[in-house]
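My questions concern the predicted model and sequence given below.
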Amino acid sequence: MLELVSTAAQEDSPPQEPSFGRHYDFVPPVQLSDYMVYTNGQPYEAYARMRENAPVCWCTEDEFSGFWALTRYEDIRAVELDMTTFSSQRGGINMNYGPPETRHPLLNRAAFDNMICLDAPVHLQLRREHMPFFTASYVADLRKKVDAQVTKLLDDMAAKGPVLDLVENFSAELPLFTLSEILGIPEADRPKLVRWMHYLELAQDALTRDAVGEMDPAFMFEFLTNVQEMFDYGQSMLQARRTEPRNDLLSAIANAEINGAPLPDEFLDGSWLLIVFAGNDTTRNSISGSMRLLSQFPDQKQKLIQDASLLPNFVHEAIRMVSPVIYMRRTATCDTEIRGQRIAEGEKVLMYYGAANRDPAVFEEPDNFDVTRENAKEHIAFGLGPHVCLGQRIANMQLEAAFQQILARFPDVVCNGDVKIAPSNFVHAISYLEVDLGKR
């Protein structure tokens, strides 16, 4: 039977200095572990200073051991491609999993017991089961449904507008539709996924505040109820697909086998959490982030309006700039070294994708949004190597489909400046974005 990562992963230790000391004498400008830091967006200026002064930088945590933060493209690429030295399974992919008193038992377990937290060879075996739903031909067929859904959503926005919340009316709805089509979620159940995503994005803040008595009890009741409902629904759907398989991703997950044995129920929970969160959240925030970029760089929006052939490259450039997943963690399986910094076995290494995607050694004038950038496709917002995001083709397709129609119908669309970003140090989560559709 597949070993549960949640029972075998290394436990975090209390705050301490790194085993081999610090090669770079530099203190990070911000506390990267503080999720409130990210409510104003990613700290790109801090990344730049770290990249220049301490590309392998020791970062402290309030209650845990601390971690090495990587901010250079070349270093992150090397770690991504070396699964032997840098493990996803040994410690999971999160910076930490919170003090015991803040952990939701089911969320915590599911955060470990899923494909993204597995190393080779099991990771690759499980990944193959998902592949038929992420091929180029599958995505091309899916595009037809997505185009129709974009039209419908924009019709609804035109009726409601001109001023409205893009997240509620479009960014959250399109990935939900696409994911539901891939998974085989009944249309009547799809609004539940939007609600569950709302609570998942607030989990870190809610559980931490609740542990110290700062969270509204009524909200916590809603939070706990929705999390349980989400997992109950996932289990019921996956178990049903084991009994009556269909041609959808839920059936592929439910009937996957590792070494001839079906996935334990714990991995069904983890797979459900991963697909709901990863398949929904990142695309939603990429859409919203792309809209902000088009408002911040109106000259680039005009280029797209005048030349629609730039849309595919725009998608790569927008995702490079947004970098919706803030980091991924690996854990060293042996003593090693990166850029002169010795790293001890068991120490945490975090790859900051937003920093890598604005590394001037790779991207000229990296803070400028340029839809004609020749190497925009070289961004690593989706990761690299064996763990590269399975859904990147689908994410790219949705962004292209969305903005092809948005810019054609609403060429004067602009963000009004009212934006809310959820407190999270793991994903750049835009929870509200007011836009004005302009003249119709």
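Received it, and whenever you're ready, just let me know what you need.

Residues in a beta bridge with the residue nearest the centre of the chain, which ones?
For the chain, the residue nearest the mean C-alpha position is Val325 (3.9 Å; Cα atoms, centre = their mean). Taking DSSP bridges as the rule, Val325 bridges to Val427.

show me the contacts for it.
By Cβ atoms under 8 Å, 6 or more residues apart in numbering, the contact list for Val325 reads 282, 353, 381, 383, 426-428. The way it works is simple: take the backbone N, C-alpha and C, and place the C-beta from them, glycine included.

Give me the distance between it and Ile380.
For Val325, the distance to Ile380 equals 10 Å [Cβ to Cβ, to the nearest Å].

still on that earlier bit, can you say which of the contacts of Val325 are buried?
Neighbour counting over those (16 or more other Cβ atoms under 10 Å) leaves 282, 353, 381, 383, 426-428 as the buried ones.

what's the farthest-apart pair in these?
Taking Cβ to Cβ as the measure, these span a maximum distance of 15.3 Å, between Gly383 and His428.

any shared contact partners between Val325 and Ile380?
Residues touching both Val325 and Ile380 (Cβ under 8 Å, 6+ apart): Tyr353.

For the one helix or strand Phe277 maps to, buried residues please.
Element membership for Phe277, per DSSP states H and E: helix 265-296. Neighbour-count burial for helix 265-296 flags 266-295 (criterion: 16+ other Cβ under 10 Å).

got it, and stretch 76-90?
By neighbour count on 16+ other Cβ under 10 Å, the buried set for stretch 76-90 is 76-80, 83, 85-90.

Contacts for that stretch, please.
So stretch 76-90 is contacted by 5, 8-10, 70, 116-120, 123, 328-334, 336, 338, 346, 349, 351-353, 356, 380, 383-387 (Cβ under 8 Å, 6+ apart).

Please narrow the residues you listed to those residing in helices.
Secondary structure from DSSP state H places 5, 8, 123, 353, 356 of the contacts of stretch 76-90 in helices.

How many residues are close by the residue nearest to the fourth one when sequence neighbours are not counted?
Looking back up the chat, that one is Tyr353. Residue nearest to Tyr353 in three dimensions, not counting chain neighbours: Ser323, with 4.8 Å by Cβ to Cβ, 6 or more residues apart in numbering. Ser323 is flanked by 27 other residues according to other Cβ atoms under 10 Å.

What of the one 4 residues further on?
Applying the criterion other Cβ under 10 Å, we find 23 residues in the vicinity of Tyr327.

so it makes contact with Met351?
Yes. Tyr327 is in contact with Met351 according to Cβ atoms under 8 Å; the separation is 5.9 Å.

now the contacts of Val325 in a markdown table, with pLDDT and distance to Gln235?
A markdown table is the format used below for the contacts of Val325 (pLDDT from 0 to 100; distance: Cβ to Cβ, whole Å):
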| residue | pLDDT | distance to Gln235 |
| --- | --- | --- |
| Thr282 | 88 | 24 |
| Tyr353 | 98 | 32 |
| Ala381 | 97 | 31 |
| Gly383 | 96 | 28 |
| Phe426 | 93 | 24 |
| Val427 | 93 | 24 |
| His428 | 94 | 30 |
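
Extract the residue ranges of the stretch 201-350 of the chain that are flagged as low pLDDT.
Low-confidence segments of the stretch 201-350 of the chain (pLDDT under 70): none present.

Show me where it has its strands.
For the stretch 201-350 of the chain, applying DSSP state E, counting those that start in this stretch gives strands covering 257-258, 261-262, 327-332, 336-338, 341-343, 348-352.
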